[in-house]
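S.K.: missing the sequence, but the structure's below:
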């Protein structure tokens, strides 16, 4: 697999401080068994056995009639985020896999793994999460059979903003294959490992009430409790008011209040989020962390008071320490 035929670029992609060199390989969908999407595979030069795959979703935003972009355009857009993802993994022996989930115009929000997206039967877009699992397994096999590399069984997940939400939901759907997750800037709509709260059923992705109906199997709580998690966000996110999302009284709300974003959250689920889990994204985040800790989950949670919807050296360094431990 790791040959010049798959090189995305002829030059090396350098780590931002020049400490490491990486090469990006582009695998076409017909080379990735069981997956209809291309994948970028980002390999540190000189990597050896016992490396771990880290997966990050490339997200292109909510679907609309004009949001579909071609594969080549998505690769160009993904390049900066690819290089940036290594900032969390400084000193780690990791191979970064980036599935290029191409959004279908007016389709479901596949890159957010919404309930409708998982139930969608559009050819090529069935169970996007399962396709990504297939891609990871196929890439492991290619690395082993063609390059003689043995890869660790469980993967890590990283993501900021929408990519962080993807990571949280992917972990919820496939806890058996995940070791650790860092999700920044994605405080709202984190799945809860419970079927109901105060008698109110929580449908996927809020909770587990219809999890088996969607996935075909029971939720593996034991595996979920074995994942190390780090979630963080900037407290000033709530000051970033949207021109597109409004509450029931017509008032604009935060860009990051998932309960009002209909491409991600149906209206009924939005009401449940506000009435049962918490009125605001920050309140829901705190309640979710409380529930996770009640289950004995290994979780770090940070709220940065002076930060908006972005990373800082402090949040990046905390993520590095998290993965090192």
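M.R.: Great, that's in hand. What you see is a predicted model; the values in this text were computed from it and never measured.
S.K.: What residues sit buried inside stretch 179-198?
M.R.: By 16 or more other CB atoms under 10 Å, the buried positions in stretch 179-198 come out as 179-194, 197. C-beta: built from backbone N, CA, C; applies to glycine.
S.K.: go on, stretch 251-271?
M.R.: Those would be 253-261, 264-265, 269-270, for stretch 251-271 by 16+ other CB under 10 Å.
S.K.: Touching stretch 274-286 from outside, list them.
M.R.: 187-190, 192, 197-198, 200, 202, 206, 231, 233, 235, 237-238, 254, 256-259, 273, 287-288, 301, 303 (CB atoms under 8 Å, 6 or more residues apart in numbering).
S.K.: before we move on, the earlier item: and the buried residues of stretch 179-198, which of them are in strands?
M.R.: Of those, the ones assigned to strands by DSSP state E are 179-184, 197.
S.K.: out of these, who's nearest residue 149?
M.R.: Closest to residue 149 out of those is residue 179 (17.8 Å), distances taken as CB to CB.
S.K.: got a list of what that closest one touches?
M.R.: By CB under 8 Å, 6+ apart, the residues touching residue 179 are 52, 152, 154-156, 227-228.
S.K.: One more: residue 302?
M.R.: 230-232, 315, 318.
S.K.: List buried residues within the residues you listed.
M.R.: Buried subset of the contacts of residue 302 (neighbour count, 16+ other CB under 10 Å): 230-232, 315, 318.
S.K.: Filter the residues you listed down to just the ones in strands.
M.R.: 230-232.
S.K.: Among the residues you listed, which one sits closest to residue 247?
M.R.: Relative to residue 247, the closest of those is residue 231; by CB to CB it sits at 24.8 Å.
S.K.: Is it correct that the closest one is in contact with residue 187?
M.R.: Yes - in this structure residue 231 lies within contact range of residue 187 using CB atoms under 8 Å: 6.9 Å.
S.K.: So in that sheet, which strands flank the helix or strand containing residue 301, and in what orientation?
M.R.: Here residue 301, judged by DSSP states H and E, is contained in strand 299-304. If you go by DSSP bridges, strand 299-304 pairs up with strand 228-234 (parallel).
S.K.: Show the contacting residues for the residue nearest to residue 221 when sequence neighbours are not counted.
M.R.: Nearest non-adjacent residue to residue 221, counting by CB to CB, 6 or more residues apart in numbering: residue 193, 6.0 Å away. If you count contacts by CB under 8 Å, 6+ apart, residue 193 has them with 172, 207-208, 219, 221, 224, 291-292, 295.
S.K.: Give me the residue ranges of this protein where confidence is low.
M.R.: 1-4, 7-20, 60-84, 91 (pLDDT under 70).
S.K.: In it, mark out all the helices, start to finish.
M.R.: Per DSSP state H, the chain carries helices over the ranges 71-85, 115-119, 128-147, 162-173, 211-215, 221-225, 267-272, 281-294, 313-324.
S.K.: Return the most buried member of those helices.
M.R.: Most buried of the helices of the chain by mean neighbour count (mean count of other CB atoms under 10 Å) is helix 162-173; its value is a mean of 24.
S.K.: Can you name the residues in contact with that one?
M.R.: The contact list for helix 162-173, computed with CB under 8 Å, 6+ apart, reads 55-59, 61, 81, 111-113, 118, 129, 132, 157-159, 178, 181-186, 189-191, 193, 205, 215, 224, 227, 229, 231, 258, 264.
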